[in-house]
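S.K.: this is the structure alone, sequence omitted:
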């Protein structure tokens, strides 16, 4: 027994040394409190209140004070069974007491005189008004997150449902959220869960979007570059509840003045549960796009094309017990493969022009550029060109088979190797450059395709361990990575060499140890890690900084 106690002390001391201290908001900030009284209203001191999570069987106890007051802290969101026992009174059990995430629920208990062996069982309502503080809050439950429609399965789209929060959900042509007045930043997610920085378009009580604050399981996941943006967007399958505070914050929410968005991830229970989904979007199932057939000054209508969105979204989750009433796990995964395309119309160099330049100056910089891998535009269809589209003087453009002849790239009478390689755009003669029209097509009008491939993956894992009635240990993590290719705008050539590949990685995780020192004191030690988006870009190659770590500590009195 002494050896076990010594081992526990060593474990606690080691944890304190490992988890360096700093202030933090609680991952398990939910609590239940109230007063125990008799039928006349007189308070009952020394009553034992036991609060049991109906999903996991984990129990917490408290003893009422001389004023009949009890408080049980460090609770996960869910339904609880509250048992109240006092000498000379009937034991009372209240089931289905709903406790919201990061909230204090009030529950007063009135005991009836009687034998200790007698038990009175009642059922509480599923929800209750927040009477314990003056905060303006809203809770978005897991069922709402899973069943309400959202753009790109982004749970932050539901934040507008919270009281005191405003946003209209408008989006621009790039699918990002339209900015509210006096707002700057990166905008809302246009890349599902895999947006590097997600800045939902919401305002809490008139505060700017940049003043919003995001945490996941108590971990700060705010962007260090753009205010009001989260570097991790959790999957819908992994969320137990989202708590949104829009006013009258406590001291622990003092970082920003806007909405305080607190996401709590799901935990395992005593029963195995899980689910999965698959979404299939294929161009053959899409309609034809008849808009945008004309582009710029080109008075030629492009052929109608189908909406080329090709998306595969899928995900699954599973949770359950490792040891009943003691150790639980939860795991969620979500992925996406999108093969979207956009189209544009532009003039491109003809193979004849490229061949002429390369043959005349095989070792020149121009020849090396034209021969580089991925330089060939991706053409869907050849269109009918017109000299009216080209801003050149009369006589310097002619329609020939294969495109437009804009003149020889070489001065008249020049030999191969001559340095003048510019197209003629003035009359021939005198000191003008170019050898005049030569019957060879130099450029042609084409409908171009711009592939926009994108893949993404997010992993969420969580383990909860009830070591004893006084000690609980939890660990959760989110790992998000994606790969996307951004081609140049549709007013540019669609050559593959101009594509830019982005590979961000955004991690967030926490380890939490709760120690119930006494009925009036709860000690929480936390180790967290929230990663900045670590990017790898190709063409050009760029690397940015990785993550940062912030150990945290908090004591409740």
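M.R.: Arrived safely. Not measured: the values here are computed from a predicted model. Numbers count the residues shown, from 1 in each chain.

S.K.: walking through the stretch 151-300 of the chain, point out its helices one by one.
M.R.: Read by DSSP state H, counting those that start in this stretch, the stretch 151-300 of the chain holds no helices at all.

S.K.: show me where pLDDT drops low in it?
M.R.: The model of the stretch 151-300 of the chain has pLDDT under 70 over residues 174, 248, 289-300.

S.K.: what is the neighbour count of residue 264?
M.R.: Residue 264 has 28 neighbouring residues, counting by other Cβ atoms under 10 Å. C-beta coordinates here come from the backbone N, C-alpha and C atoms, glycine included.

S.K.: would you agree it is in contact with residue 217?
M.R.: Yes: Residue 264 is within contact range of residue 217, at 6.4 Å (criterion: Cβ atoms under 8 Å).

S.K.: geometric centre of this protein: which residue is closest?
M.R.: residue 233 (1.8 Å; Cα atoms, centre = their mean).

S.K.: ok, that one - contacts?
M.R.: Neighbour list for residue 233: 154-156, 189, 192-195, 198, 480 [criterion: Cβ atoms under 8 Å, 6 or more residues apart in numbering].

S.K.: go again with 10 Å.
M.R.: Counting by Cβ atoms under 10 Å, 6 or more residues apart in numbering, residue 233 touches 152-156, 188-189, 191-198, 200, 214, 216, 221, 263, 458, 478, 480, 506.

S.K.: in this protein, what secondary structure element scores lowest on mean pLDDT?
M.R.: Sorting the helices and strands of the chain by mean pLDDT, DSSP states H and E puts strand 542-543 at the bottom, at a mean of 29.

S.K.: output the below-cut-off pLDDT ranges for the stretch 401-550 of the chain.
M.R.: Judged by pLDDT under 70, the stretches of the stretch 401-550 of the chain that qualify are 409-435, 490-491, 519, 528-550.

S.K.: ok, which stretches of it are helices?
M.R.: Ranges of helices in the stretch 401-550 of the chain, per DSSP H, counting those that start in this stretch: none exist.

S.K.: what are the ranges of the strands in the stretch 51-200 of the chain?
M.R.: In the stretch 51-200 of the chain, the segments counted as strands under DSSP state E, counting those that start in this stretch are 59-63, 69-75, 78-85, 91-99, 104-106, 109-110, 119-123, 136-141, 165-166.

S.K.: residues near residue 48, how many?
M.R.: Counted with other Cβ under 10 Å, residue 48 comes out at 17.

S.K.: now residue 333
M.R.: Count around residue 333 with other Cβ under 10 Å applied: 18.

S.K.: buried sites along the helix or strand hosting it?
M.R.: Using DSSP states H and E, residue 333 maps to strand 327-349. The neighbour-count check on strand 327-349 (16 or more other Cβ atoms under 10 Å) flags 327-336, 338-349 as buried.

S.K.: pairing partners for that strand, with directions?
M.R.: strand 311-323 (antiparallel), strand 443-466 (antiparallel) (DSSP bridges).

S.K.: nearest to residue 493, out of these?
M.R.: strand 443-466 (7.2 Å; Cβ to Cβ).

S.K.: quick one, that closest one and strand 59-63 angle?
M.R.: Strand 443-466 runs at 50 degrees relative to strand 59-63, counting by axes from the mean of the first three to the mean of the last three Cα atoms, to 10 degrees.

S.K.: tally of neighbours for the nearest residue to residue 142 once chain neighbours are set aside?
M.R.: Once flanking residues are discounted, residue 142 sits nearest to residue 240: 5.5 Å by Cβ to Cβ, 6 or more residues apart in numbering. Neighbour count of residue 240, defined by other Cβ under 10 Å: 19.
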